[in-house]
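Visitor: would you be able to build a 3D model of this:
(chains A and B, ligands or ions: 2)
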Amino acid sequence: MKLKNIAAYFVLHAKAYIRTRSGVFFQILFPVILIIMFGFLFGSSSVTPQNLIIVNHDNGQFSTQFITALSETGTFKIKVENISNIRQFLDQNPNYMIMVIPSNFTANILNKSKVTIQVYSNSNPQVSSEYAGIINTVFQAYINSFNGKGLSSSLQVYDYSGVSSRTINYYIPGLIGFTIISSMFSMLYQVPNYRREKIFRQFKIAGLSKSEWIIGSSLFNLTFNLIADALIIIIAYILFGAVLYYNPLNVLMMLIIIVSGNLMFIALGALAGMVSDNEETVSIVGNLILFPMMFLSGVFFPLQFAPGYVKIISDFLPLTYFINALNYVLIYNNIEGSLYMIAILAVSSIALFALSSKLLKFES
Amino acid sequence: MNEQPVIVKNLVKKYGDYVAVNGISFEIKKGQVFSLLGPNGAGKTTTVEILEGLRKRDAGQVEVLGMDPEVSKEIYNKIGILPQDFTFVQNSTPKEAIEFYCKLFGRKLDPLELLKTVELEDRANVPFSKLSGGQKQKLGLALSLINDPEVLFLDEPTAGLDPKSRRNIWQIIENLKKEDRSILLTSHYLEEAELLADNVAIMNRGKIVDIGSPKELILRHRGKDLLYIKGGKFLGEALENLGIQFKNEDGYFILGLNDSKEAIEILKRIDEMGIPFDDFMIRRENLEDIFLKVTEE
Ligand SMILES: Nc1ncnc2c1ncn2[C@@H]1O[C@H](COP(=O)(O)OP(=O)(O)O)[C@@H](O)[C@H]1O
Ligand SMILES: [Mg+2]
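Guide: Ligands and ions are numbered 1, 2, ... in the order given. Now for the predicted structure:
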């Protein structure tokens, strides 16, 4: 694989692509219009607060502080109570979550030893894991506020503003997913077209390899995706006050997610394009991929109320990982929790890339 | 270096049970234009694409610049290819296409200079989809020249073009010939082969029916010169009375001649019999007649 060849294809394709204004429209303007639309329709509304019962075994000041911090997010309707049989309670009240603060909470913070809390839920795992993610974010931020500081200054400013209850936030990962899907479609159309028109053969004669072509396409689409994604985030922030985590580490993670997601969907598009030998099959295959993904990965429709098997299918969709990973990184600031998803994304994107460049034939 | 840049021996290619190329052999000498001439479906493209390493042969030997195209991919640095029905990325311009090829081949060329050699410099920035058929072919020719190839494969470079563009492309090919490149040109236009080729192989149904210079082919296959006389039924009766064999086609009576003087003899006798005739001409068989003859056999 030669960088120079990839760059040559990048330039060729970029110039040809920019000449097709409709393509540029779909790849950049369309997601921007969507975020503005979502923003105006739902941006100002808030997520319904989740019922949270806190069982506090700790008598110290810190647990109280932590509870206050949590309630300030506006995401939870908090009651502090003592519940003896958690399991039984949740069976009777499935829409509640329970958080347990252990008796050594304050002491452990003072000793600088490990502090743990427990969260219990009995409802839709996807929803509850989102809320658990929020709790975790606040918890981490709270614990971090002690790092390297004297305990006398116990009233630290801790940043949990990222855990905003604004709905606009929740549309951002989905729309980033949308931009990535659109690059899959460009491959789905290009592969049968280039093969039929024997353009692949021209590439082969000139010495452009299959993997160079796929990487070149991926890089080109990535460029457009990143522009669109940056616009989505900026518009969501300026117009609708979206609050995301943008620390260097979060941004880096976001880039890794977008790069692997891009490569993965480019490779998927190439694979799908290989089985579509004419224009009709292209649109059938396209819809076969697009619709389940849109409905089942929670891009446009939350899966809270979907039946269990739908969620199982959803767990196997690459887009689900992509969007969940972005949620964890950008909204819950839970990088540790996102690592396994990012690993799955990265590994499967490389595997799919290898598979597609092996299976792709420049000639029919 | 290679005095015989292209050598083909007993080449066979099958598609399933169908034998598209059936044991053909030929050689192309350095600096020569060699034409594979044949009707559609004769197996020309199949042969050319085997030589280009784009299809696999079933039997026989093939050597291009001393290499086996099926194995040696470095061949693409030394050969130029204009495929049949050449197309490129629809929204790319000729200039961009050339720049792309230059980068891939690692060549430094001025795109406009190259476009000048194919008389396309004024269309340098027009998207491929907006070029005429002839202009597309010219771009294909330009791209085939980027790596300064020793051997050029041109598969029906003028098929479907109007006469003016066709002549235009012939001129370009003649110029390439002067640059001492070896050219394999397939065509189903005899005029093209007669004008450009040093050697012609007439191909039909996967076989080479005959091979030689255009002149040799004409000499070998030329039948009698033909006398065409236009006239009515009296003329026919008169010819019958004279015991002369003839065919009747489009109002012309066509007679085979042993030599040109015979024509004067026949016309004189008809005239003496007082039979009216409107018109007459003598036609010599050209490559086209021979082509039709050998491909019909
Ligand atoms: N890929 C293929 N699969 C099956 N048959 C083919 C294929 N390519 C060509 N043929 C058949 O082989 C014969 C020769 O084709 P081709 O080499 O294209 O002839 P030409 O270029 O002289 O018109 C034709 O009958 C054609 O239908
Ligand atoms: Mg052909």
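
Visitor: contact residues of the stretch 1-150 of chain B facing chain A?
Guide: Contact residues (C-beta under 8 Å from any C-beta of the partner chain) of the stretch 1-150 of chain B with chain A: B:52, B:54, B:76-77, B:81, B:83, B:85, B:87-93, B:96-97, B:99-101, B:103-105, B:127, B:143. Where you see a C-beta, it was placed from the backbone N, CA and C, and this is true even at glycine.

Visitor: can you say which of those residues are buried?
Guide: Listed as buried from the residues of the stretch 1-150 of chain B next to chain A are B:52, B:54, B:76, B:81, B:83, B:87-89, B:91-93, B:96-97, B:99-101, B:103-105, B:127, B:143; burial here means 16 or more other C-beta atoms under 10 Å in any protein chain shown.

Visitor: inside helices: which ones of those?
Guide: Among these, the members found in helices (DSSP state H) are B:Glu96, B:Ala97, B:Glu99, B:Phe100, B:Tyr101, B:Lys103, B:Leu104, B:Phe105, B:Leu143.

Visitor: residues touching the second one, list them.
Guide: Right, the one you point to is B:Ala97. A:Leu12, B:Phe88, B:Val89, B:Phe128, B:Leu139, B:Leu143 (C-beta atoms under 8 Å, 6 or more residues apart in numbering or on different chains).

Visitor: distance of it from B:Ile146?
Guide: 10 Å (C-beta to C-beta, to the nearest Å).

Visitor: is it true that B:Gln202 touches B:Ile211?
Guide: In this structure residue B:202 is Ile, not Gln. Yes. With contact defined as C-beta atoms under 8 Å, B:Ile202 reaches B:Ile211; the gap is 7.3 Å.

Visitor: give me the more crowded residue out of those two.
Guide: B:Ile202 (26 against 19; other C-beta atoms under 10 Å in any protein chain shown).

Visitor: any idea how far chain A is from the more buried one?
Guide: 27 Å (C-beta to the nearest C-beta, to the nearest Å).

Visitor: buried sites along stretch A:63-72?
Guide: For stretch A:63-72, using 16+ other C-beta under 10 Å, the buried residues are A:Ser63, A:Thr64, A:Gln65, A:Phe66, A:Ile67, A:Ala69, A:Leu70, A:Ser71.

Visitor: mean confidence for it?
Guide: Regarding stretch A:63-72, the rounded mean pLDDT is 86.

Visitor: and chain B, which residues reach ligand 2?
Guide: B:Lys44, B:Thr45, B:Gln84 (C-beta under 5 Å from the ion).

Visitor: which one among these gets closest to chain A?
Guide: Checking these against chain A by C-beta to the nearest C-beta gives B:Gln84 as the nearest, at 9.1 Å.

Visitor: thought the closest one was touching B:Phe153?
Guide: No. The criterion here is C-beta under 8 Å, and B:Gln84 misses it with B:Phe153 at 10.2 Å.

Visitor: the two: which is more packed in?
Guide: B:Phe153 (24 against 16).

Visitor: please tell me how far the more buried one sits from ligand 1.
Guide: 12 Å (C-beta to the nearest ligand atom, to the nearest Å).

Visitor: just say helix, strand or coil for that residue.
Guide: Three-state assignment for B:Phe153 (DSSP: H, G, I helix; E, B strand; the rest coil): strand.
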